[in-house]
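K.L.:
Test case, fold it:
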Amino acid sequence: MMNKTLLSIVEIGGYPNFIPLYQQAGYRVETVNSMRKAMSWLKKNKPDRVVAEFNYDPMFRDRLSNVESLLATLQKQKSDAKVILFIEKERRPHLDRVLKRYSVETIIEFPIDEALLKQAL
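P.N.:
Purely as a prediction, here's the structure:
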């Protein structure tokens, strides 16, 4: 029986469907396709693991990326959820600025190495 929950946030995608891998690692998987839906889901649920894409956008008014609200919410909830972020290599300097305020357990650059992901789970 799967009693651990993984929240998978797939906003852009372009990589394999890792749900079977997550399930193989013993997680019940909840998938959403926007950070807004993830934030709504987090109001009612507490995941053990979160997998998300780091998307930097210079047009964001008050933040650098899509994951800051997520990380702030998890921090505010005093969540023990471990966060895995997928990132484009050239976006790393932007993520480093976010990591000064929030912690992330694992960062995996594109193309996603399935062995690394499996190890992180």
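K.L.:
Same question for stretch 48-64: list its buried residues.
P.N.:
Residues of stretch 48-64 classed as buried: 48-56, 64 (neighbour count, 16 or more other C-beta atoms under 10 Å). To be clear about C-beta, it is placed using only N, CA and C from the backbone, and glycine gets the same treatment.
K.L.:
how about the nearest residue to the residue nearest the centre of the chain, chain neighbours excluded?
P.N.:
Nearest to the mean C-alpha position of the chain, by C-alpha atoms, centre = their mean, lies residue 52 at 2.5 Å. Counting by C-beta to C-beta, 6 or more residues apart in numbering, residue 52 lies nearest to residue 9, which is 4.1 Å off, once chain neighbours are set aside.
K.L.:
shouldn't that neighbour be in contact with residue 36?
P.N.:
No. Applying C-beta atoms under 8 Å, one finds residue 9 not in contact with residue 36, separated by 10.2 Å.
K.L.:
These two - which one has more neighbours?
P.N.:
residue 9 (23 against 12; other C-beta atoms under 10 Å).
K.L.:
Quick check on that one: phi, psi?
P.N.:
In terms of degrees, to the nearest 10, the main-chain angles of residue 9 are phi -110, psi 110.
K.L.:
repeat for residue 65
P.N.:
phi -150, psi 180.
K.L.:
if I read this right, it contacts residue 96, doesn't it?
P.N.:
No. With contact defined as C-beta under 8 Å, residue 65 does not reach residue 96; the gap is 11.3 Å.
K.L.:
wait, the residue nearest to the centre of the chain sits on residue 86?
P.N.:
Yes. If you go by C-beta under 8 Å, residue 52 and residue 86 touch, sitting 7.3 Å apart.
K.L.:
re earlier: in TSV: the buried residues of stretch 48-64, plus distance to residue 101 and pLDDT.
P.N.:
Output for the buried residues of stretch 48-64, formatted as TSV (distance: C-beta to C-beta, whole Å; pLDDT from 0 to 100):
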residue	distance to residue 101	pLDDT
48	23	97
49	21	98
50	17	98
51	20	98
52	16	97
53	19	96
54	14	95
55	17	89
56	15	85
64	10	74
